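> whatever this is, show me its structure:
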Amino acid sequence: MKNNKLFVAIILSLILGIVAGAVVHYSFFSYQAEFSKNIKLLGTIFIRMVQMIIAPLVFSTLVVGIAKMGDLKMVGRIGAKAMAWFITASLVSLSLGLVLVNVLKPGKNTSISLKELDGASELLDKTQGFSLEEFIKHLVPKSIFEALANNEILQIVIFSIIFGIALASLGKQGKSIIEALDTLSHVILKMVTYIMWVAPLGVFGSVSAAVAKYGFGIFSLYAHYLIDFTIGIVLLWIILLGVGYLFLGKKLFLLLRRIKSPLLIAFSTTSSEAVFPKLVEELERFGCQNKIVSFTLPLGYSFNLDGSMMYMTFASVFIAQVYGIEMTLGEQITMLLVLMLTSKGVVGVPRASLIVIVATCSMFGIPPGGIALILPIDHFCDMARSTTNVLGNSLATAVIDKWETKSITINDHENQLV
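Numbering: from 1, shown residues only. Model prediction:
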């Protein structure tokens, strides 16, 4: 219900923004620049509110996710198989988004240039100066407090991984810290919910500013963007279902029947987390072992968000294209690797992908305010992302369960022979 209200509020804000911007653009020409500059502050406030929770959100969720795994040696075979699947799926999804955005070029199919709005010429220089060497040097923070203060997301991830592993090794001694950070992560996620209610104001400010300056030509962006993203989602589903059939055979169709309800809920609520309890139940009914589901599925919710992964590379490069920022192949591959890290630990809550995109854009000299361009239609993209995330985690759990069941059967047979 809350998601539906937010969706309606964003749609109304989009309509009001279009009307207000059009009135200024076509009836009050002399006020275009001043109106656009001032009303855009609403979008700026929303973006800054998102940026303020990036550091604590990534730190708390990633540390808790790693620490709850327990002793990595005890995770053993199942953990290794799960991580191998997640990393492979993430690379495929990220690469698909990167290939499609470069082939289809949705951000270049418009005559609109946004350089004047945010002084992107300075950011262009920063992007051109980015190199793999600088990226490697930037990996390890000199001070975690400096990294937190400056929203250096990659440095926070590196620290969080090391901290989480160390915390897990303490066993019972670290339980109180894990519980405290788990509570912190839930508080931050609640803040995400509150901040999203400011989104309609951000939409109104950003859309009215854009329409006031450029007129209705701005909407050519949305048509290209949605069509191209839909092509990407369809291709990703074909890949996922093809791989699923390769490992599960005809049981894939039984799995799809079992998870059709979670898929529909995720589609309507734009939250893969909302279907977690139901998904556990349906996977166990499908025949997956409880211990496999209880380990693999929560891990997948932090490390295996296929739909979100494809969207991150697609949206990030799209924003760069709109601003006229040319990224080399090396820079784009580096961005892909950065997203592999920065996206981990951000759970499947509505619009979590936007938080990662904002952080990544900032790292690569792409104006993070550009996220406001796609915010009005992000709800539709999020419906597809969340549904794809549920499908990807369901397939991963079912395939790993089959692998593990087969391994147990082989071991039991060998023991009988002995």
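> run through the stretch 1-150 of the chain and note the low-pLDDT ranges.
1-4, 6-7, 65, 68-76, 109-138 (pLDDT under 70).
> spatially speaking, which residue is in the middle of this protein?
With distances taken as CA atoms, centre = their mean, Ser353 lies nearest the centre of the chain, 2.6 Å away.
> to the chain's geometric centre, what's the distance from the helix or strand where it lies?
If you go by DSSP states H and E, Ser353 is part of helix 352-363. The chain centre lies 8 Å from the centre of helix 352-363; the measure is CA atoms, centre = their mean, to the nearest Å.
> just checking, what packs against that helix?
The contact analysis (3 or more CB pairs under 8 Å, 6 or more residues apart in numbering; DSSP states H and E) places helix 352-363 against helix 32-52, helix 54-67, helix 153-169, helix 306-322, helix 329-342, helix 371-417. (Each C-beta comes from the backbone N, C-alpha and C, glycine too.)
> just the CA atoms of that helix, as PDB, please.
This file holds the C-alpha atoms of helix 352-363, laid out as PDB (Å, rounded to 0.1, in the frame of the first residue of the first chain):
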ATOM      1  CA  ALA A 352      18.600   0.500  -3.600                       C
ATOM      2  CA  SER A 353      20.200   0.500  -7.000                       C
ATOM      3  CA  LEU A 354      19.900   4.300  -7.200                       C
ATOM      4  CA  ILE A 355      22.000   4.600  -4.100                       C
ATOM      5  CA  VAL A 356      24.800   2.500  -5.600                       C
ATOM      6  CA  ILE A 357      24.500   4.400  -9.000                       C
ATOM      7  CA  VAL A 358      24.800   7.800  -7.200                       C
ATOM      8  CA  ALA A 359      27.900   6.700  -5.300                       C
ATOM      9  CA  THR A 360      29.500   5.200  -8.500                       C
ATOM     10  CA  CYS A 361      28.800   8.200 -10.600                       C
ATOM     11  CA  SER A 362      30.500  10.400  -8.100                       C
ATOM     12  CA  MET A 363      33.600   8.200  -8.200                       C
END
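> now it against helix 32-52, angle please.
Angle, helix 352-363 to helix 32-52, by axes from the mean of the first three to the mean of the last three CA atoms, to 10 degrees: 110 degrees.
> can you give the contact residues for helix 352-363?
47, 50-51, 53-54, 57-58, 151, 153-154, 192, 305, 308, 311-312, 315-316, 319-320, 335, 338-339, 342-343, 346, 367-368, 370-371, 375, 378, 382, 385 (CB atoms under 8 Å, 6 or more residues apart in numbering).
> burial measure for the residue lying closest to Gly205 once chain neighbours are set aside, as a count.
Nearest residue to Gly205, sequence neighbours excluded (CB to CB, 6 or more residues apart in numbering): Leu42, at 2.7 Å. Counted with other CB atoms under 10 Å, the neighbours of Leu42 add up to 22.
> kindly report the same for Asn151.
19.
> what's the local residue count around Phe241?
No Phe there; residue 241 is Leu. 16.
> do Glu281 as well
There are 14 residues near Glu281, going by other CB under 10 Å.
> for it, grab phi and psi.
Here is the backbone geometry of Glu281 (degrees, to the nearest 10): phi -60, psi -50.
> how close does it get to Ile47?
38 Å (CB to CB, to the nearest Å).
> now swap in Glu331 and tell me
Distance from Glu331 to Ile47, by CB to CB: 23 Å.
> and if you look at Gly17?
16 Å.
> repeat for Leu283
38 Å.
> same drill for the two, tell me which one is more crowded.
Neighbour comparison, Leu283 and Ile47: the larger count goes to Leu283, with 25 against 21 (by other CB under 10 Å).
> tell me which element the more buried one falls in.
Going by DSSP H and E, Leu283 is in helix 276-286.
> for that helix, list every residue counted as buried.
Using 16 or more other CB atoms under 10 Å as the burial criterion, the residues of helix 276-286 that qualify are Phe276, Leu279, Val280, Glu282, Leu283, Glu284, Phe286.
> pLDDT score for the second one?
On pLDDT, Leu279 comes in at 83.
> leaving out chain neighbours, which residue sits closest to it?
Leu279's closest residue in space is Pro262 (CB to CB, 6+ apart), at 4.6 Å.
> re earlier: figure out which of the helices and strands packed on helix 352-363 is closest to Ile78.
helix 371-417 (6.0 Å; CB to CB).
> and the closest one with helix 306-322, angle?
Using the same axes, to 10 degrees: helix 371-417 against helix 306-322 is 150 degrees.
> angle of helix 371-417 against helix 276-286?
30 degrees.
> show the average pLDDT along helix 371-417.
pLDDT averaged over helix 371-417 gives 75.
> do stretch 225-234 as well
On average, stretch 225-234 scores 90.
> how far off centre is it?
Counting by CA atoms, centre = their mean, stretch 225-234 comes out at 16 Å from the chain centroid.
> now do Val92 against Tyr245, distance only.
Applying CB to CB to Val92 and Tyr245 gives a distance of 16 Å.
> please disregard the earlier target; I meant Leu391.
13 Å.
> who has more neighbours, these two?
Leu391 (24 against 14).
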